[in-house]
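Novice: fold the following and give me the result.
(2 chains)
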Number of protein chains: 2
Amino acid sequence: MKLRRSGRLVDMTRYMLQHPHELVPLTFFSERYKSAKSSISEDLAIIKEQFEHQGVGSILTIPGAAGGVKFTPMMNENEAKKLFEEIQEVFAKSERLLPGGYLYMTDILGDPRLMNQIGRLFSSIFAKTEIDVVMTVATKGIPFAYAIATHLNVPVVIVRRDSRVTEGSTVSINYVSGSSKRLQTMALSRRSLDAGSNVLVVDDFMKAGGTIHGMISLLEEFQANLAGIGVLVEAEGVEERLVEEYTSMMRLEVDEKEKKINIVEGNYRSYPERLLRPTDYTIE
Amino acid sequence: MKLRRSGRLVDMTRYMLQHPHELVPLTFFSERYKSAKSSISEDLAIIKEQFEHQGVGSILTIPGAAGGVKFTPMMNENEAKKLFEEIQEVFAKSERLLPGGYLYMTDILGDPRLMNQIGRLFSSIFAKTEIDVVMTVATKGIPFAYAIATHLNVPVVIVRRDSRVTEGSTVSINYVSGSSKRLQTMALSRRSLDAGSNVLVVDDFMKAGGTIHGMISLLEEFQANLAGIGVLVEAEGVEERLVEEYTSMMRLEVDEKEKKINIVEGNYRSYPERLLRPTDYTIE
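Specialist: Residues are numbered from 1 along each chain as shown, chains lettered A, B, ... in the order given. Next up, the predicted model:
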């Protein structure tokens, strides 16, 4: 299909957005549109300028025969802060504190638009980390894991807490929940994770970190490597944290007497060099 | 920010893709780019032509003061068939049959790019159905549900099979699994579904339909309405199906003696009027 610049820009923008972290050879586009590589390069310069100006992400051009163009989704600090404030408002809307110190987040985790943006934020933070797979534990970590994995363009593996795993033979470990001190089990299907994989471990909520610590123990069983830890909400005031280095978006403060909660920013902005610089323009 | 046409096309394409099924007033774009509405209309005509030509989706313009523009993700029959064939190849790659007649699909469900395309296919099929929420049951239905909900721009609710629900008070029902005839329980957090909601019920795998039938019973408890049923893979040769009208993408044929499986197309193409017409051009 021979296309004019306007048509190419629409199609290339869509293509790049839907193929993040993927090296696309320039010949792919020049054959697709029956256009000269020089025209394609000009198109890409326009898209790159827009994406970077708006903080959507960066477009990297790698020259040479094995080269091409690669889109990395990013989020700038302004937008990340706006996203945090939007979620903070959702948190304020209704009663959140559940028995056992749990936090009601089903409405937030169930909103694909919010999760998509949260995924872009975490993929931005881990954009320069080598990641082959995102791991989480069922059930509530799953939307968070997919949102990140979609932007990193890597698969998701889901650890189960029950033994009713219908995925063939499994590797299971026992671990001690950090907050309740109870012995628990988690299991992962043997064929779902390759040895040597670099794994980003994520969960929607972390108290003492026992669950995440359990997943790290599982990684060892599979001879896989820990590439990073991402947490949507961490609980404050934990005496003994089982996990040291992690990135959290939000921190939960609980006033037990007043039965009130407060959501403040997590530590995600301590890694500003991983994010795009703030711009004068915030995307919506 | 004042933008030229080329910059506007990049930004509008991104914006429309990320806000499906949402009515965007033309004034939003004209204020965003400090451009005349007539220019915005011309931009949208270019995007519309590209999207429809490539089967990405349709762009509907609603005139008048309360009007605007709406992007509906679609998938044409050619592309749907290509997607089916791609998944069929993945199925053929390794041993899939697990004890109990289960099917190993973790690699497919764990691939965000495949799930994203599957989600676009189902959102295309249900594009004209009024849907407020997508419901599924934990665990393996979750990625399927999010993929569809993202393209329909509606929230997801997740029914749990266990009682360890940490989401506040729940409504639970007992149901009989259609294939194993065992009594099982499923539960949904009370505040996660409003009365009167139109619910698309989905699951990754359906044998006799007991689980989906259970979710329909739950809908009644919540005074919500069944809007449709979507299934990724259905098992063939089920004597008594508990669910009548559903849309499936794939059908599993099992040769028990030979321990071999075969994946064929489900019934999704019996609704061709819901899909875009085939074009000469297939997107990747």
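Novice: how is chain A carved up into domains?
Specialist: A:5-73, A:77-274 (automatic domain parsing).
Novice: distance to B:Thr13 added to these, as CSV?
Specialist: In short, each C-beta sits where N, CA and C put it, glycine included. Output for the domains of chain A, formatted as CSV (distance: least, Cβ to Cβ, whole Å):
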stretch, distance to B:Thr13
domain A:5-73, 4
domain A:77-274, 17
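Novice: mean pLDDT lowest for which of the ones you listed?
Specialist: For these, mean pLDDT drops lowest on domain A:77-274, to a mean of 90.
Novice: what does the stretch 1-150 of chain A put close to chain B?
Specialist: A:1, A:5-7, A:9-11, A:13-15, A:17-18, A:46-47, A:49-51, A:54, A:56, A:94, A:98, A:100, A:102, A:104, A:106-107, A:110-113, A:115-116, A:138-139, A:142-143, A:146, A:149-150 (Cβ under 8 Å from any Cβ of the partner chain).
Novice: of these, buried ones?
Specialist: The neighbour-count criterion (16 or more other Cβ atoms under 10 Å in any protein chain shown) marks A:5-7, A:9-11, A:13-15, A:17-18, A:46-47, A:50-51, A:54, A:56, A:98, A:102, A:104, A:106-107, A:110-113, A:115-116, A:138-139, A:142-143, A:146, A:149-150 among those as buried.
Novice: on that earlier part again, among the residues of the stretch 1-150 of chain A next to chain B, name the ones in strands.
Specialist: A:98, A:102 (DSSP state E).
Novice: now, the residues of the stretch 1-150 of chain A next to chain B that are in helices?
Specialist: When DSSP state H is applied, the residues of the stretch 1-150 of chain A next to chain B are split such that A:5-7, A:9-11, A:13-15, A:17-18, A:46-47, A:49-51, A:54, A:106-107, A:112-113, A:115-116, A:142-143, A:146, A:149-150 fall in helices.
Novice: is it correct that A:Ala80 is in contact with A:Met250?
Specialist: No - using Cβ atoms under 8 Å, A:Ala80 is not in contact with A:Met250, being 11.6 Å away.
Novice: more neighbours: which of these two?
Specialist: More crowded of A:Ala80 and A:Met250, by other Cβ atoms under 10 Å in any protein chain shown: A:Ala80, with 26 against 22.
Novice: contact partners for the more buried one?
Specialist: The contact partners of A:Ala80, by Cβ atoms under 8 Å, 6 or more residues apart in numbering or on different chains, come to A:121, A:124, A:268-269, A:275.
Novice: of the residues you listed, which pair is most distant in space?
Specialist: The largest distance within the contacts of A:Ala80, taken as Cβ to Cβ, falls between A:Ser124 and A:Arg269 and amounts to 11.7 Å.
Novice: between those two, point out the one with more neighbours.
Specialist: Neighbour tally, A:Ser124 and A:Arg269, criterion other Cβ under 10 Å: the higher count belongs to A:Ser124, 28 against 15.
Novice: got the contact list for stretch A:66-75?
Specialist: Applying Cβ under 8 Å, 6+ apart, the contact partners of stretch A:66-75 are A:16-17, A:19-26, A:28, A:44, A:51, A:55-62, A:83, A:117, A:120-121, A:123-124, A:127, A:151, A:275-276.
Novice: buried residues in that stretch?
Specialist: Buried, per 16+ other Cβ under 10 Å, within stretch A:66-75: A:68-75.
Novice: could you count how many residues lie near the residue nearest to A:Gln223 when sequence neighbours are not counted?
Specialist: Counting by Cβ to Cβ, 6 or more residues apart in numbering or on different chains, A:Gln223 lies nearest to A:Ala195, which is 4.1 Å off, once chain neighbours are set aside. Other residues within reach of A:Ala195, judged by other Cβ under 10 Å, total 8.
Novice: now do the helices in chain A.
Specialist: Ranges of helices in chain A, per DSSP H, are A:5-18, A:26-33, A:37-54, A:77-93, A:106-109, A:112-125, A:141-152, A:210-221.
Novice: what sits up against the fifth one?
Specialist: Contacts of helix A:106-109 from elsewhere in the structure, counted by Cβ under 8 Å, 6+ apart, are A:87, A:90-91, A:94, A:114-115, A:140, A:143-144, A:204, B:155, B:157-158, B:167, B:189, B:191-192.
Novice: the residues you listed, buried ones only, as a ChimeraX selection?
Specialist: Remark: buried members of those, expressed as a ChimeraX selection using 16+ other Cβ under 10 Å:
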select /A:87,91,114,115,140,143,144,204 /B:155,157,158,167,189,192
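Novice: where does A:Arg277 land on pLDDT?
Specialist: Per the predicted model, pLDDT is 48 at A:Arg277.
Novice: no further questions, thank you.
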